[in-house]
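Participant: pasted the sequence and its predicted model underneath.
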Amino acid sequence: MKKVLITGGAGYVGSILTKQLLKNNFQVIVVDTLWFNQETPNIFIHDPNYQFIRGDLRNSKILEKCFETQIDFVIHTAAVVGDPASKLFPKETQEINYDASVNLINLSIKNNVSGFIFFSTCSNYGISDNLATEQSPLNPLSLYAETKVNIETKLMESTNQLNWIIGRLSTVYGSSPRMRFDLTVNDFTLKAFKDKYIDIFLPESYRPYIHVFDLANVITTLIGNFESAKNNVFNIGFENENYKKIEIANAILEFIPDLKIDILKEGGDKRDYQVDFSKLHKYISLE
């Protein structure tokens, strides 16, 4: 039975991924600070293949505790996520997203981990006039994206010591035990339901999206195909889920016809990119 360490495994994506891996007969160790929802580990605590470690990755003793038993795969999801959070907590963003990530990579090398899967982001493309492939120029527009790009570089430099997969994730949506409402689809849906009102900056701007269950399925499949997929960067998502923000709002409007949509002339998020996912789907089948 393979053993997987998930950093941030009680988070929005991590909790769904934990459920998927346990269902597929992996042993799962989760390390998480529980900044937001302290109840999430209780969902899995009675599963004999689940272990939870509460702690901060910036704490070297916590990191070392994660490797007290042999780990086959590390899935690194823990981070200060998004432009607003990285602006509000720049010191913590640098310490967690970069410094602690470097330490985690080094410990993975030291402990002969078979594979390291890093959750990066399609936000690394920033603004792109062309369909972004894994070879497209990176244009990070936030400290959050900058730290992701820097860890991608660090992993690529470690290829001779550690096998890795870098996943540049689409914007995630859907329900989770540790729910997030700061993500576009979830944010629009909640505001539409509660307030019957959505405001949008740059409504014609594109973003790729992926359901949180589909993301967990992709990562589980990549682990199962790790030998053929290793040491590659993958855009994680589906070709038919590149949407303009106004298209998301109009889809919600079909279910909430009295929804009011306002277009803002000013705002902070200038990201605008469509993404090509063909490389991922050449390596794995998700039928």
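Facilitator: Yep, it's here.
Participant: low-confidence stretches in the protein?
Facilitator: Residues of the chain meeting the criterion pLDDT under 70: 287.
Participant: work out which residue lies at the spatial centre of it.
Facilitator: F119 (4.8 Å; CA atoms, centre = their mean).
Participant: so it: helix, strand or coil?
Facilitator: Following DSSP: H, G, I helix; E, B strand; the rest coil, F119 is assigned to strand.
Participant: quick one: G167 from H76, how far?
Facilitator: Distance of G167 to H76, given as CB to CB, to the nearest Å: 10 Å. (Each C-beta comes from the backbone N, C-alpha and C, glycine too.)
Participant: how near is the residue nearest to the centre of the chain to G8?
Facilitator: 8 Å.
Participant: what is in contact with those two at once?
Facilitator: H76, T77, A79 (CB atoms under 8 Å, 6 or more residues apart in numbering).
Participant: which of those are buried?
Facilitator: Buried subset of the shared contacts of F119 and G8 (neighbour count, 16 or more other CB atoms under 10 Å): H76, T77, A79.
Participant: tabulate these (a markdown table), appending distance to I127.
Facilitator: What follows is the buried ones among the shared contacts of F119 and G8, written out as a markdown table (distance: CB to CB, whole Å):
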| residue | distance to I127 |
| --- | --- |
| H76 | 26 |
| T77 | 25 |
| A79 | 22 |
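Participant: those into CSV, with extra columns for secondary structure and distance to Y209?
Facilitator: Supplementary listing: the buried ones among the shared contacts of F119 and G8 in CSV, determined by DSSP: H, G, I helix; E, B strand; the rest coil; distance: CB to CB, whole Å:
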residue, secondary structure, distance to Y209
H76, strand, 22
T77, coil, 18
A79, coil, 19
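Participant: doesn't D214 make contact with V13?
Facilitator: No - contact status for V13 versus D214: not in contact, 11.0 Å apart, counting by CB atoms under 8 Å.
Participant: give me the more crowded residue out of these two.
Facilitator: A count of neighbours by other CB atoms under 10 Å puts V13 above the other of V13 and D214, at 25 against 20.
Participant: check contacts around that one.
Facilitator: By CB under 8 Å, 6+ apart, the contact list for V13 reads T77, F119, V172, S176, V212, L215, A216.
Participant: follow-up on the earlier one: what's the closest of the shared contacts of F119 and G8 to N42?
Facilitator: T77 (19.4 Å; CB to CB).
Participant: quick one: the closest residue to that closest one other than its chain neighbours from P208, how far?
Facilitator: Closest residue to T77 apart from its sequence neighbours, by CB to CB, 6 or more residues apart in numbering: G8 at 4.1 Å. Distance, G8 to P208, by CB to CB: 21 Å.
Participant: residue for residue, what is the longest helix the chain has?
Facilitator: Longest among the helix segments of the chain by residue count, using DSSP state H, is helix 143-157.
Participant: where along this protein do the helices fall?
Facilitator: 12-23, 60-66, 83-88, 90-93, 101-110, 143-157, 184-195, 212-224, 226-229, 245-253, 278-283.
Participant: most remote residue from the chain's center?
Facilitator: Most distant from the centre of the chain: D258, at 33.3 Å, with distances by CA atoms, centre = their mean.
Participant: kind regards, and thank you for your time.
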